[in-house]
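Participant: Would you be able to build a 3D model of this:
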Amino acid sequence: MSAPTPKAVAPEPMHGCVRCGAPIPISESMCERCNPLGLKAPAASQAHGIAIVGVAVAVVLLAVIARLAIADVGPFTGGVASFGPDPSGVRVSITVHNAGSSAGSTTCRVDDPSLGGIGPQTVYVQSPTVPAKGSVTFDVVVGTLGSSPAGLVADCGA
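Facilitator: Numbering: from 1, shown residues only. Reported below is the predicted structural model:
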């Protein structure tokens, strides 16, 4: 009787060391040269926890910066000063007042109230910078409301 043939053992899968790229078993993260003391790698929960804390800190910082950027701007009030025909539609003069203590701009909605509701003909325009406690009048040409609407309104922020 002959001796049984030993079964071939599959080698452990390999991957590169995270620092130098040397081939090491998949169960390890760093080779002996990069980690001579055999210290354990940080747990996945530690690494992900640090990343989540970083994201949370970034979100808080962005919120503080955004708050400081818009502090004391507005409220804005506005309305249609006048309107008349224009070759491209209707030329509308809008007056916007900033009651806040910082300069800023707002978005104005121009609409014909006789059409009922906000529809596809409604136009949104950005006002120029309005100084603190001041007013600005600017013109915009609207092509979606026809050439001679009965009346127009402008709602410029709150």
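Participant: Going by C-alpha atoms from here, please, whenever you check contacts or count neighbours.
Facilitator: Noted.
Participant: secondary structure element for the residue nearest the centre of the chain?
Facilitator: Centroid-nearest residue in the chain: residue 62, 10.5 Å away (criterion: Cα atoms, centre = their mean). Here residue 62 sits within helix 44-70, counting by DSSP states H and E.
Participant: by contact count, what packs against the helix or strand that comes right after that helix?
Facilitator: Heading C-terminal from helix 44-70, the first helix or strand you meet, by DSSP H and E, is strand 76-86. Packed against strand 76-86, as judged by 3 or more Cα pairs under 8 Å, 6 or more residues apart in numbering; DSSP states H and E, are the following elements: strand 89-98, strand 153-156.
Participant: let's see 10 Å
Facilitator: Under the contact criterion of 3 or more Cα pairs under 10 Å, 6 or more residues apart in numbering; DSSP states H and E, strand 76-86 touches strand 89-98, strand 107-111, strand 135-142, strand 153-156.
Participant: Now tabulate those strands in CSV and tack on mean neighbour count and distance to residue 19.
Facilitator: Below are the helices and strands packed on strand 76-86 laid out as CSV (neighbours: other Cα atoms under 10 Å; distance: least, Cα to Cα, whole Å):
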stretch, mean neighbour count, distance to residue 19
strand 89-98, 21, 58
strand 107-111, 21, 53
strand 135-142, 16, 61
strand 153-156, 22, 57
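Participant: ok, the residue nearest to the centre of the chain to residue 55 distance?
Facilitator: Using Cα to Cα, to the nearest Å, we find residue 62 at a distance of 11 Å from residue 55.
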